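S.K.: Here's my sequence, what's the structure:
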Amino acid sequence: AVARGGDDPALLVERALAALGGIGRFIPRDSTVLIKPNICVAYHTYEYAATTNPWVVGALVRLALGAGARRVNVLDYGFGGSPEQAYVKSGIQEQVLAAGGEILSVSRLQFLPTDIPQALDLRSADIHEAALQSDVVINVPIAKHHGLARLTLGMKNLMGVILDRQAIHRNMGQRLADLTSRIRPALTVIDAVRILTDNGPTGGSLDDVQKLDTVIASPDIVAADAYGATLFGVQPSDLGYIVAGAAMGLGRSDLASLRIEEIAVGGVDGNRRAAGE
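M.R.: Below is the predicted model:
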């Protein structure tokens with residue numbers, strides 16, 4: 001499902017998830033949920049499109065709790081500044097706490113040596129315990145340019161739950177797919193409210209930011225990434241992790257054969273439709 005338009009990121013999330021049948025499809029009652037945004041740096045606010053939109057994250061926390069989740073945690077292990085600083089600077093901490101969620105601190109001791117049985121290359125990794133022990137993982141990347149991977153989307157965003165990023169940089173496409181096979185998010189929600197079109201992953205210039213007011217949601221991380229690539233004029237077949245993920249059976253990248261519901265959200269009419277009027 002792809003929702004676009006308007007100026008309310010939370011409404012975009014609500015409409016996209018409603019088209020999938022509601023977030024309750026993915027969250028058992030009394031479950032523990034981990035939401036994994038991109039909060040990679042502590043020196044840019046969300047306007048610079050290096051970190052996930054805070055209102056997108058806050059909406060997911062609120063909806064998950066409303067669906068009966070017992071606890072909703074938010075985590076990322078960034079690389080620019082401390083995670084605690086990044087949580088605050090991004091605006092995500094404020095929105096998560098306001099919605100009733102919890103921000104997880106990050107310690108190296110929380111990363112557990114973990115086998116990856118399906119892997120074709122990355123056979124093991126030190127993975128954060130929350131990604132392993134939560135009942136549900138919701139992956140919520142921002143769509144942005146990346147100097148090495150070309151684009152950061154859902155599969156690339158999962159690097160924020162491992163300790164050794166450099167291990168992924170070797171044979172990145174296959175190793176991202178390998179990691180995805182172990183984490184298996186129940187839902188991927190791509191924040192394309194603002195996208196970073198160049199100088200990623202950290203950005204730093206508003207000239208590289210394009211406001212699209214779009215949210216993509218799917219239980220199929222490969223399909224979500226395949227659609228996200230098209231926002232940049234990139235073919236899914238041009239991204240190694242999409243190719244590898246599809247080959248491993250982690251999802252589908254053949255957009256022409258998928259049912260994609262596109263929802264226009266905007267102005268009074270959009271708000272009325274969201275309220276069922």
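S.K.: And the strands in the stretch 1-150 of the chain, which stretches?
M.R.: Per DSSP state E, counting those that start in this stretch, the stretch 1-150 of the chain carries strands over the ranges 2-4, 32-37, 71-74, 102-103, 111-115, 124-128, 136-140, 142-146, 150-152.
S.K.: would you list those strands in CSV and tack on mean pLDDT?
M.R.: As requested, the strands of the stretch 1-150 of the chain are exported to CSV (pLDDT from 0 to 100):
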stretch, mean pLDDT
strand 2-4, 98
strand 32-37, 98
strand 71-74, 98
strand 102-103, 98
strand 111-115, 98
strand 124-128, 97
strand 136-140, 98
strand 142-146, 97
strand 150-152, 96
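S.K.: can you tell which of those strands is closest to residue 49?
M.R.: Nearest to residue 49, of all those, is strand 142-146, at 5.8 Å by CB to CB. C-beta here means a position set from N, CA and C on the backbone, and glycine is covered the same way.
S.K.: Neighbouring strands of that closest one in the sheet, and parallel or not?
M.R.: Paired strands of strand 142-146, with direction, are strand 150-152 (antiparallel), strand 187-196 (parallel) (DSSP bridges).
S.K.: which outside residues touch that strand?
M.R.: For strand 142-146, contacts defined as CB atoms under 8 Å, 6 or more residues apart in numbering pick out 37-38, 49-53, 151-153, 156, 190-192, 194-201, 203, 208, 216, 228, 231-232.
S.K.: that older thread, got a markdown table for the strands paired with strand 142-146, with mean neighbour count too?
M.R.: As requested, the strands paired with strand 142-146 are exported to a markdown table (neighbours: other CB atoms under 10 Å):
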| stretch | mean neighbour count |
| --- | --- |
| strand 150-152 | 23 |
| strand 187-196 | 27 |
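S.K.: follow-up on the earlier one: select, out of the strands of the stretch 1-150 of the chain, the one closest to residue 11.
M.R.: strand 2-4 (7.9 Å).
S.K.: what does that closest one rub up against?
M.R.: Residues from elsewhere that reach strand 2-4 (CB under 8 Å, 6+ apart): 11-13, 15-16, 19, 212-217, 227, 260-265.
S.K.: Just the ones in helices from these, please.
M.R.: Among the contacts of strand 2-4, the ones falling in helices (DSSP state H) are 11-13, 15-16, 19, 227.
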